[in-house]
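Student: just coords:
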């Protein structure tokens, strides 16, 4: 490694590479490695595939005239992810992008998620279905990383179908991966029992949605879970495995009541209903990526700070809701990930318990909760509210590599004379350069704020950046500068029209 940090592949060392390698490896090996080093040092533009107008990628030319061209990358997917603790407005961004999408995917989580979309003054609530299905031209795909409670899926679809025309022919437009795990009624019952035990034993619970998400992901990791493909294969074998799993849970939780035969009867009824929707998910996704040009959208559930690995553990969900979960939850390679949009609320909210450094347990928090109508879509619980925390947004960006941000609910701040923004953390009077992993440390964090002037005027009618008050514009630019990612959309209301697009 030279002073500049290169390892025999950088242009600065190219002249010295061959003599050194001659001594170490011999002339033939040196020539081969030198040739490889020259290829590595070529500009990235000559190595990567050319992007076509459709968003797909053309195969890159083989280097140095080789007769072996690289395989085409195919279509790239656009990913929408939450950058806080959820409830940022991902559904609205997805709804905007889904208007000209061909396919919208869910890659993780279950019906513990909650997305609200308003179309033609009708409010639709989604939990398990990709909210992009509201576009009648879209095919919705539920990937292998999602856990599915079948009664919940059909109840949700039918409830939204009654509200308006958005879900017309939804059963013909929904594809389900055969590798997705099934959430049973007893998983939900177990979730409730576990929460009660945590409360009794430790004096606090995790604040789960009691939708069975943790227990079913636990069963998946323990290799005792059952998948959609099992349900559709041999129902007798499926029933036997179901009964074994139910008895295991009854052994662990003696008070648990499970209607084994009743649930099996219901599941048998669902077989014929879901059979037309089920595909081999890996093959289906591959064909979508490498077939004709398509606009494919991935709708993340939950958010970065709820990720099982990177969230505020243990007060997290049970899946990877960061960008890595897109690949594992859909069965697709990372080179097919295109734009990654992070959705950020203009302030911070959290449902349930767990550390929340910028929380305002005062009049400010109450004002944000009231003006923002901060009530959980899934749980109905009031959300805790606080100032925007850019430390955790930057942390989410480190993990996800956001290419742009959507800043939502800016209008909720319209009435504030001044607005604080968290820009750094101190622990024991020392500024720390990272987001703490340990909950106890996170509880001791002292947030360093910058105070910005408010704008004291209504932004809800603004439809362009220039129509926003000057101080509102400065607030947006402040976020961009501190996170290092451009803001592409600004939300100033509930409807599609209230999303201002900057570029």
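Tutor: Yep, it's here. A quick note: this is a predicted structure, and the numbers were derived from the prediction, not measured.
Student: What's the separation between the closest residue to residue 315 other than its chain neighbours and residue 162?
Tutor: Spatial nearest neighbour of residue 315, chain neighbours left out: residue 354 (3.0 Å); criterion: CB to CB, 6 or more residues apart in numbering. Using the backbone N, CA and C atoms, a C-beta is placed for each residue, glycine as well. Remark: distance between residue 354 and residue 162 (CB to CB, to the nearest Å) = 35 Å.
Student: more neighbours, the two?
Tutor: Between residue 354 and residue 162, counted using other CB atoms under 10 Å, residue 354 has the larger neighbour count: 22 against 8.
Student: wait, is that one part of a helix?
Tutor: No: applying DSSP: H, G, I helix; E, B strand; the rest coil, one finds residue 354 to be coil, outside a helix.
Student: Begin at 217 from now on, thanks
Tutor: OK, 217 is where the count begins now, so the last one is residue 570.
Student: ok, it to residue 450 distance?
Tutor: 43 Å.
Student: and what of residue 526?
Tutor: From residue 526 to residue 450 the distance is 39 Å (CB to CB).
Student: Those two: who's more crowded?
Tutor: residue 526 (21 against 10).
Student: The more buried one touches residue 539, doesn't it?
Tutor: No: checked against CB atoms under 8 Å, the pair residue 526 and residue 539 is beyond contact range at 10.5 Å.
Student: Give the intersection of the neighbour lists for these two.
Tutor: Common contacts of residue 526 and residue 539, defined by CB atoms under 8 Å, 6 or more residues apart in numbering, comprise residue 615.
Student: all strands of the stretch 317-466 of the chain, in order?
Tutor: Per DSSP state E, counting those that start in this stretch, the stretch 317-466 of the chain carries strands over the ranges 319-322, 331-335, 338-342, 355-358, 363-364, 390-393, 397-398.
Student: which residues touch the fifth one?
Tutor: When contacts are defined by CB under 8 Å, 6+ apart, strand 363-364 is touched by residues 325-326, 344, 358, 392, 396-399, 428-429, 432-433, 436, 444, 535.
Student: Direction included, what does it pair against?
Tutor: Using DSSP bridges, strand 363-364 pairs in its sheet with strand 397-398 (parallel).
Student: which parts of stretch 653-666 are buried?
Tutor: 658, 661, 663 (16 or more other CB atoms under 10 Å).
Student: That should have said stretch 620-634, apologies.
Tutor: 620-630, 632.
Student: nearest to residue 547, of those?
Tutor: Using CB to CB, residue 620 is the member of these that lies nearest residue 547, at 25.9 Å.
Student: Work out for me the element the residue nearest to that closest one when sequence neighbours are not counted sits within.
Tutor: Leaving aside its chain neighbours, residue 620 sits nearest to residue 704 (3.9 Å; criterion: CB to CB, 6+ apart). Assigning secondary structure by DSSP states H and E places residue 704 in strand 703-707.
Student: any residues touching the next helix or strand after that strand, and which ones?
Tutor: Next helix or strand after strand 703-707 toward the C-terminus (DSSP H and E): strand 715-717. Residues from elsewhere that reach strand 715-717 (CB under 8 Å, 6+ apart): 308-309, 312, 622, 678-681, 684, 704-708.
Student: Give me the average confidence score over strand 715-717.
Tutor: The average pLDDT for strand 715-717 rounds to 98.
Student: per-domain residue ranges of the chain.
Tutor: Per the TED database, the structural domains of the chain span 293-394+496-717, 397-487.
Student: most neighbours per residue, which of those?
Tutor: domain 293-394+496-717 (a mean of 20; mean count of other CB atoms under 10 Å).
Student: distance between the ends of that domain?
Tutor: Taking CA to CA, to the nearest Å as the measure, domain 293-394+496-717 stretches 20 Å from start to finish.
Student: Test my guess that residue 525 contacts residue 537.
Tutor: No: contact between residue 525 and residue 537 fails when scored by CB under 8 Å: they sit 9.9 Å apart.
Student: so what's residue 442 up against?
Tutor: Applying CB under 8 Å, 6+ apart, we find residue 442 in contact with 397-398, 400, 454, 457-458, 461.
Student: Residue 551: which of those residues is nearest?
Tutor: residue 397 (26.8 Å).
Student: For the stretch 217-366 of the chain, just list every one of the helices.
Tutor: Per DSSP state H, counting those that start in this stretch, the stretch 217-366 of the chain has helices spanning 230-241, 243-256, 260-263, 306-314, 366-379. These are given in chain order.
Student: follow-up on the earlier one: now render the strands of the stretch 317-466 of the chain as TSV, adding distance to residue 550 and mean pLDDT.
Tutor: Below are the strands of the stretch 317-466 of the chain laid out as TSV (distance: least, CB to CB, whole Å; pLDDT from 0 to 100):
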stretch	distance to residue 550	mean pLDDT
strand 319-322	15	98
strand 331-335	25	80
strand 338-342	27	88
strand 355-358	18	98
strand 363-364	23	98
strand 390-393	19	98
strand 397-398	23	98
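Student: Which among those strands is found nearest to residue 644?
Tutor: So among these, strand 331-335 is nearest, using CB to CB, at 39.7 Å.
Student: Tell me which other helices or strands that closest one touches.
Tutor: helix 306-314, strand 338-342 (3 or more CB pairs under 8 Å, 6 or more residues apart in numbering; DSSP states H and E).
Student: give me every residue that touches the residue nearest the centre of the chain.
Tutor: When CA atoms, centre = their mean is applied to the chain, the residue found nearest the centroid is residue 516 (2.9 Å). Residues in contact with residue 516 (CB under 8 Å, 6+ apart) are 295-298, 306, 323-324, 537, 541-542.
Student: I'd like to know which of the domains of the chain is closest to residue 284.
Tutor: Each of the domains of the chain has some distance to residue 284 by CB to CB; the shortest is domain 293-394+496-717, at 17.7 Å.
Student: And the closest one, how far out from the chain middle?
Tutor: 7 Å (CA atoms, centre = their mean, to the nearest Å).
Student: For residue 514, what is the enclosing helix or strand?
Tutor: strand 512-515.
Student: In its sheet, which strands sit next to that strand, and in what direction?
Tutor: Applying DSSP bridges, strand 512-515 is found paired with strand 293-298 (parallel), strand 319-322 (parallel).
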